[in-house]
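Chemist: have a look; sequence and predicted model below, questions after that.
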Amino acid sequence: MSQRLIGRNAQAVGRQMERLASGLRINRAADDASGLQVSEGMRGEISGLTQNVRNAEHAVDLLQVAEGSMAEVGNMLVRMRSLALQSSSSTLNDSNRESLAAEFTQLVGEVDRIAQATSYNGLSLLSGFGNQVSASSTALTASGATGVTMVQLSAADAGVFSFVDAAGDQQLTLGNGTVSQTLNMASLLDNGMVATGTSVVANFDRLGIQVTLAGAGVAGAAGNYADGELNNTALRIEGGTNGGFQIGPHDSQVHRLDLSISDLRGSGEVLALDRLSITSQSGARQALGNLDQAIATVSGERGKLGAVQNRLAHTISFSENEIENIQASEASIRDSDIAQEATSLSRSRILLQSSNSMLVQANVRSIQALTLL
């Protein structure tokens, strides 16, 4: 019996020394099978969340590179507008305008060069980044009737998405023939229309498309939306390169953030600066409106990047909070209680020593019995 107790106490001492040395209560599945399974799942989640934080931080760095270049493009556009404004005055002759046009042309070339040269880890940022909504989309070209002022993408697939918008039912459906989503617009509309002076967002979250609809009197809106006006119009999503940030641990839309940056080349379709000329007074005056639109476009893109950077900052904070709390839960399952293990080790050592002493005493009795023979 003493020998059996010695073996049991020796095993307890070894187990407790292992827990104290490793700091873990669960060192193998036999220690706690269910606890091991739960803690391993938590470890995987913590690892994913840690990488998510890094991904979001890198995304912020990428956006800062893009915005820095946009800021310089904006400065050049302001200078180009000043040149166009100067050329619009009758105080200059055509020879003077040619001197202004020389600088104007150089600035157009520099805008084009910066847009093509701006990159992050080999990815071009300002020559078209991520999927884009085609300007030829009928929902946009008919904005005077539909009231569509903005379309934002979030992990939306490339292709043509068509609207089904029957008048009177206050429902709006968008789909690409494979997947579709229907929204109940009743809570967003006032008597079947977007309220005067306001805008609403039709969020097709399953498709990754958010459509902003304006009411009457909204600044910058060509028209206003009323129930049924989007019927048979479409959005054409053109596939681009990159633009998707993985900021969650799983492969689903809520764990990704998609971003698109317009083509800001001076010779591109968006800015089209290479089509402007200030060599004549009439051309210079005509260029003013185009330059105002170009400045607004670049400023809008910068604002969009700033909004995404703020969103990523909240994502980082959210992920760090999750990591902290999941680590605490994982530690409560897997880590050893040092005070308890030290106490148990002392107890097991005392019992082991007592068992050894009893075994010695048992042997002494046998020896004493033999001496009587």
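Modeler: Received the coordinates, thanks. Numbers count the residues shown, from 1 in each chain.
Chemist: any chance you could map the strands in the stretch 151-300 of the chain?
Modeler: For the stretch 151-300 of the chain, applying DSSP state E, counting those that start in this stretch gives strands covering 159-164, 171-175, 180-184, 199-204, 209-214, 234-238, 244-246, 256-258, 261-263.
Chemist: what's next to the first one, contact-wise?
Modeler: Contacting residues not belonging to strand 159-164 are listed as 139, 172-177, 207, 209, 230-237 [CB atoms under 8 Å, 6 or more residues apart in numbering]. Heads up, the C-betas are built off the backbone N, CA and C, glycines and all.
Chemist: how about low-confidence regions in the protein?
Modeler: 1-24, 28-30, 154-155, 240-242, 253, 335-339, 341-342, 344-345, 348, 350-373 (pLDDT under 70).
Chemist: list the contacts for the most centrally placed residue in it?
Modeler: In the chain, the C-alpha nearest the mean C-alpha coordinate belongs to Leu257, at 3.3 Å (CA atoms, centre = their mean). Neighbouring residues of Leu257 by CB under 8 Å, 6+ apart: Ala59, Ser154, Ala155, Gly244, Phe245, Ile247, Val308, Arg311, Leu312, Thr315.
Chemist: got those residues as a markdown table, with neighbour count and distance to Asn131 columns?
Modeler: As requested, the contacts of Leu257 are exported to a markdown table (neighbours: other CB atoms under 10 Å; distance: CB to CB, whole Å):
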| residue | neighbour count | distance to Asn131 |
| --- | --- | --- |
| Ala59 | 23 | 16 |
| Ser154 | 20 | 10 |
| Ala155 | 18 | 9 |
| Gly244 | 14 | 9 |
| Phe245 | 23 | 13 |
| Ile247 | 21 | 17 |
| Val308 | 19 | 15 |
| Arg311 | 16 | 18 |
| Leu312 | 21 | 19 |
| Thr315 | 22 | 20 |
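Chemist: ramachandran coordinates for the residue nearest to Thr212 when sequence neighbours are not counted?
Modeler: The spatial neighbour of Thr212 that comes closest, neighbours along the chain excluded (CB to CB, 6 or more residues apart in numbering), is Met150 at 4.0 Å. Dihedral pair for Met150: phi -160, psi 140, per degrees, to the nearest 10.
Chemist: repeat for Val133
Modeler: Torsion angles, degrees, to the nearest 10, at Val133: phi -90, psi 120.
Chemist: what pairs with the closest residue to it other than its chain neighbours across the strands?
Modeler: Nearest residue to Val133 in three dimensions, chain neighbours excluded: Val151, at 4.7 Å (CB to CB, 6+ apart). Val151 forms beta bridges with Val211, as assigned by DSSP bridges.
Chemist: quick one, domains of this protein?
Modeler: 2-23+336-371, 131-239 (automatic domain parsing).
Chemist: so Gly217 versus Asn224, what's the distance?
Modeler: 8 Å (CB to CB, to the nearest Å).
Chemist: surely Ile26 is in contact with Arg334?
Modeler: Yes. Taking contacts as CB atoms under 8 Å, Ile26 lies within contact range of Arg334: 5.0 Å.
Chemist: can you list residues touching both of the two?
Modeler: Contact criterion CB under 8 Å, 6+ apart; residues shared by Ile26 and Arg334: Gly35, Leu36, Ser39.
Chemist: for the first one, give me its contacts.
Modeler: This means Gly35. Per CB under 8 Å, 6+ apart, neighbours of Gly35: Arg25, Ile26, Ile333, Arg334.
Chemist: try it again with 10 Å
Modeler: Counting by CB atoms under 10 Å, 6 or more residues apart in numbering, Gly35 makes contact with Arg25, Ile26, Ala29, Ser332, Ile333, Arg334.
Chemist: tell me the secondary structure for Leu83?
Modeler: Of the three states, Leu83 takes helix under DSSP: H, G, I helix; E, B strand; the rest coil.
Chemist: that one touches Ala287, doesn't it?
Modeler: Yes. Applying CB atoms under 10 Å as the test, Leu83 and Ala287 come out as touching, 9.0 Å apart.
Chemist: settle it for me: which of the two has more neighbours?
Modeler: Ala287 (24 against 21; other CB atoms under 10 Å).
Chemist: dihedrals phi and psi, Ser127?
Modeler: The phi/psi pair for Ser127 (degrees, to the nearest 10) is phi -110, psi 30.
Chemist: which non-adjacent residue is nearest Val53?
Modeler: Nearest to Val53 is Ser319, by CB to CB, 6+ apart, at 4.9 Å.
Chemist: any idea which helix or strand carries that neighbour?
Modeler: Per DSSP states H and E: Ser319 is located in helix 281-334.
Chemist: helices or strands up against that helix?
Modeler: Secondary-structure packing of helix 281-334 (3 or more CB pairs under 10 Å, 6 or more residues apart in numbering; DSSP states H and E): helix 33-87, helix 94-117, strand 148-153, strand 244-246, strand 256-258, strand 261-263.
Chemist: now the shared contacts of Ile26 and Arg334 as a markdown table including distance to Glu301?
Modeler: Formatted as a markdown table, these follow (distance: CB to CB, whole Å):
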| residue | distance to Glu301 |
| --- | --- |
| Gly35 | 51 |
| Leu36 | 50 |
| Ser39 | 45 |
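Chemist: could you check how far the residue nearest to Thr212 is from Thr279?
Modeler: 36 Å.
Chemist: more crowded one of the two?
Modeler: Met150 (18 against 15).
Chemist: might one say that the more buried one is in contact with Val218?
Modeler: No. Using CB under 10 Å as the test, Met150 is too far from Val218 to be in contact (11.1 Å).
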